[in-house]
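Student: Coordinates only, no sequence provided:
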């Protein structure tokens, strides 16, 4: 399966180091191996493999190799400085691709920087557009499949539901046992597990960390740290309320969604909202990474509890207002209110089971599968 970032990575490799980051098992290694097929003399080196690790530590790869792929090198001490030296000392026209976890996303915040030497690309789970292109099926069929299986390649492509379920159980346990343990102390793991389980049933609702902290008998500061860890590992992503003053927005209750829709504990409506959130985040981060745009994803909730599910902003101006509904095409008073407040924004109510698309004043009622397939990558 050719992923949506393939051509962009191929293009960027001719200019700079490409940092390919994203969730565990989202397809980074598979994508890098597909690229390697274009350069048979290239080398793939994984820091987790003992033999590869020695080659990396001794800088003992082929100097003439047209493509070097380094996987998991964030586990090496002072990897940032090391990579800068590799890039500056590489052979002419030698390409360098680095894959790994979200921790690489913060590499420029401390120590030696690769400023001017790299591009960062974030790989997301499969979405409707990719699934339709790969399998020549209808958008509605793709939406239902992804709602059931999630967008990670292995469970999505599994021939049996039981295989997908087994993958998800192992994936979730491995995330807790291995990845989170690297960030937390051993005695915190049980609390972290309980916190994740609580989050699975709170998708799409503003989080009260204070209330959850009382239930878990920990401080809200601790839970805030846990939430940052889960986000940095691409287990969940955080959507904060829209506000021109970013500092004020971060103080208000965030909403969380899971990168793997299959991890959501909730009814079909909640899982559908999570799936839409994944599509919108992929679109936003594509525009950030590829186009360099100042685009972000938010939600709106006022003091009188008027709310809209998702807001996309560009250069601090709202460009999209998006509501999600399973089959209720009636438009809420809140949505009418917000569409009038931001008349230049595209206001869309996405319906999973849409009988007829229509326009109601400034609000477009659209079939969710078709809209997500045509509007987003």
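Tutor: Arrived safely. These numbers were taken from a predicted model, which means no experiment stands behind them. Numbering: from 1, shown residues only.

Student: Next, the distance between the ends of stretch 148-157.
Tutor: 12 Å (Cα to Cα, to the nearest Å).

Student: any idea of the mean pLDDT for that stretch?
Tutor: Mean pLDDT, computed over stretch 148-157, is 94.

Student: Residues contacting that stretch, please?
Tutor: Contact partners of stretch 148-157, identified using Cβ atoms under 8 Å, 6 or more residues apart in numbering, comprise 1, 23, 25-27, 30, 124-127, 131, 145-146, 158, 161, 163-165, 167-168, 171, 259-263, 275, 278. For glycine as for every other residue, the C-beta is placed from the backbone atoms N, C-alpha and C.

Student: List buried residues within the residues you listed.
Tutor: Judged by neighbour count, with 16 or more other Cβ atoms under 10 Å as the criterion, the buried members of those are 1, 23, 25-27, 124-127, 131, 145-146, 164, 167-168, 171, 259-263, 275, 278.

Student: can you tell me which of these are in helices?
Tutor: When the buried ones among the contacts of stretch 148-157 are checked against helices (DSSP state H), the matches are 131, 145-146, 164, 167-168, 171, 275, 278.

Student: among the residues you listed, which two are most distant?
Tutor: Within these, 131 and 171 form the most distant pair, 19.5 Å apart (Cβ to Cβ).

Student: Which strand residues bridge residue 70?
Tutor: residue 45, residue 98 (DSSP bridges).

Student: Likewise for residue 365?
Tutor: Listed beta-bridge partners, residue 365: residue 349, residue 358 (assigned using DSSP bridges).

Student: show me what contacts it?
Tutor: Here residue 365 is in contact with 329, 331, 348-349, 351, 354, 357-359 (criterion: Cβ under 8 Å, 6+ apart).

Student: and of these, the nearest to residue 90?
Tutor: residue 348 (46.4 Å).

Student: so what's that closest one up against?
Tutor: With contacts taken as Cβ under 8 Å, 6+ apart, residue 348 has the following neighbours: 320-323, 363-366, 371.

Student: any weak-confidence spans in the protein?
Tutor: Residues of the chain that meet the criterion pLDDT under 70 lie in 102-113, 176-187, 244-251, 376-377.

Student: Tell me which stretches of the stretch 1-150 of the chain form strands.
Tutor: Under the criterion DSSP state E, counting those that start in this stretch, the stretch 1-150 of the chain carries strands at the ranges 17-21, 43-46, 67-71, 95-100, 118-122.

Student: which non-adjacent residue is nearest residue 131?
Tutor: Nearest-residue entry for residue 131: residue 142, 4.0 Å, with adjacent residues in sequence omitted and distances by Cβ to Cβ, 6 or more residues apart in numbering.

Student: and the residue nearest the centre of the chain, how far is that from residue 74?
Tutor: With distances taken as Cα atoms, centre = their mean, residue 124 lies nearest the centre of the chain, 5.0 Å away. Relative to residue 74, residue 124 is positioned 19 Å away (criterion: Cβ to Cβ, to the nearest Å).

Student: and residue 258, what are its bridge partners?
Tutor: According to DSSP bridges, the partner residues bridging residue 258 are residue 236.

Student: Look up how far residue 168 lies from it.
Tutor: Separation of residue 258 from residue 168 (Cβ to Cβ): 11 Å.

Student: for residue 310, same thing?
Tutor: Counting by Cβ to Cβ, the separation of residue 310 from residue 168 is 25 Å.

Student: swap in residue 142?
Tutor: If you go by Cβ to Cβ, the gap between residue 142 and residue 168 works out to 19 Å.

Student: number of nearby residues for residue 100?
Tutor: Residue 100 has 21 neighbouring residues, counting by other Cβ atoms under 10 Å.

Student: Leaving out chain neighbours, which residue sits closest to it?
Tutor: In space, not counting the residues next to it along the chain, residue 100 is nearest to residue 74; the distance is 4.8 Å by Cβ to Cβ, 6+ apart.
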